[in-house]
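K.L.:
Pasting the sequence and the predicted coordinates here, then a few questions.
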Amino acid sequence: MHYWAIPSLALIMALVLLLPFSVKRVEEELEIFLLVMGCAAMTVSGLWSWHIVKESLVEPVKISIAVLAAGFLFRAGRSRVEGLIERLERRIGINHSLFALIVVLGFLSSLLTAIIAALILCEIIHHLRLDRPSRIRAAVYACYAIGLGAALTPIGEPLSTIVTSKLQGPPHNAGFFWLANLLFLWITPAIIAVAVLAAYWRPLGRVTAANTVSDTPPETNKVLFMRAGKVYVFVAALVYLGEGLGPIAGKLIPALKGWQLYWLGLSSAALDNATLAAAGIVPSMGRAQILSFALSLLISGGILIPGNIPNIISAAKLDIKSREWAKAAIY
């Protein structure tokens, strides 16, 4: 690798972090921008291969199909979902309903997978008739809960799958519940905390009676296919970004201590957090190092849209822009 590669990759990383918030066109076409940056990172790193291209074409397929299928299913069962939510809201109120739904989805995501939990979340938020600020805030905090909860088992999300796979041999011998044992006492209060923030921290605004879900026409086939296409491009871009920026992680991670790993993990706000998990988790790390790194990946994964799959799905489904997401996540 050329001597200028690492500074160039650092520049690409900086552009990925900054441009979506400073250039409106980039924010509007975030998927294309990330794809271009991913291709640039792959070129600078000199890592282009048929294997990576194939992975970028295949990896997004399952997620995109799930998004598309869920769109058709939820459209077909629109009235039933709305009726269930209305009954729950009448019994315990909008705030308690939102709190309970986020907590339940957070923990169930470890079994349902983060993708399915995020799709259910979007449908719930849509039918709660929240105004836009409340809708964005609820989505961001709920995606935090889903991302945290999904890490408890290897089937929940790519990050937990990767970590369990890399640590299944000596000295950790990680099994199905290894991450649950490591993270449960940290993740449980975090899920409850974000649910409290979503439901009670600020008043929940509602749309007017004249603009209810029932009055909103069902999404067309074109909208459903375009959303699935955006998710496909987004995931493909993250494959390239993760692989192309890998040399930075390879240079930094081996020599870092626990607290340094924590701060490095915060950079996963701009990447799929599974990418840094794949680059940074090695069996030689101690339990405290793994805990610090994993927590930082899970926390930062909710800050920006590219941070994890639930964010990507929710932002596409609810039409949330980069600045709106980051503002809600930080404030």
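P.N.:
Thanks, I have it.
K.L.:
for this protein, what helix or strand is lowest in average pLDDT?
P.N.:
Every helix and strand in the chain was compared by mean pLDDT, DSSP states H and E; the lowest is helix 258-265, with a mean of 65.
K.L.:
Checking residue 117 next. Helix, strand or coil?
P.N.:
Following DSSP: H, G, I helix; E, B strand; the rest coil, we place residue 117 in the helix state.
K.L.:
residues in contact with it?
P.N.:
Shown in contact with residue 117 (CB atoms under 8 Å, 6 or more residues apart in numbering): 105, 106, 108, 109, 146, 149, 150, 310. Backbone N, C-alpha and C define where each C-beta goes, glycine included.
K.L.:
Just the closest of those residues to residue 139, please.
P.N.:
residue 310 (9.1 Å; CB to CB).
K.L.:
which stretches of the protein have low pLDDT?
P.N.:
1-3, 208-216, 249-272, 275, 278-280 (pLDDT under 70).
K.L.:
what's the closest residue to residue 177 other than its chain neighbours in contact with, if anything?
P.N.:
Taking CB to CB, 6 or more residues apart in numbering, and ignoring the residues beside it in sequence, residue 177 has residue 153 as its nearest neighbour in space, at 7.4 Å. Residue 153 makes contact with 110, 111, 160, 176, 177, 179, 180, according to CB under 8 Å, 6+ apart.
K.L.:
Quick check on the residues you listed: which are buried?
P.N.:
Among those, those classed as buried by 16 or more other CB atoms under 10 Å are 110, 160, 179, 180.
K.L.:
Which ones among those residues lie within helices?
P.N.:
Counting by DSSP state H, these place 110, 160, 179, 180 in helices.
K.L.:
Between those, which sits nearest residue 140?
P.N.:
Of those, the one sitting nearest to residue 140 (CB to CB) turns out to be residue 110, at 19.9 Å.
K.L.:
Does the closest one touch residue 151 like I think?
P.N.:
Yes: at 7.4 Å, residue 110 counts as touching residue 151 under the criterion of CB atoms under 8 Å.
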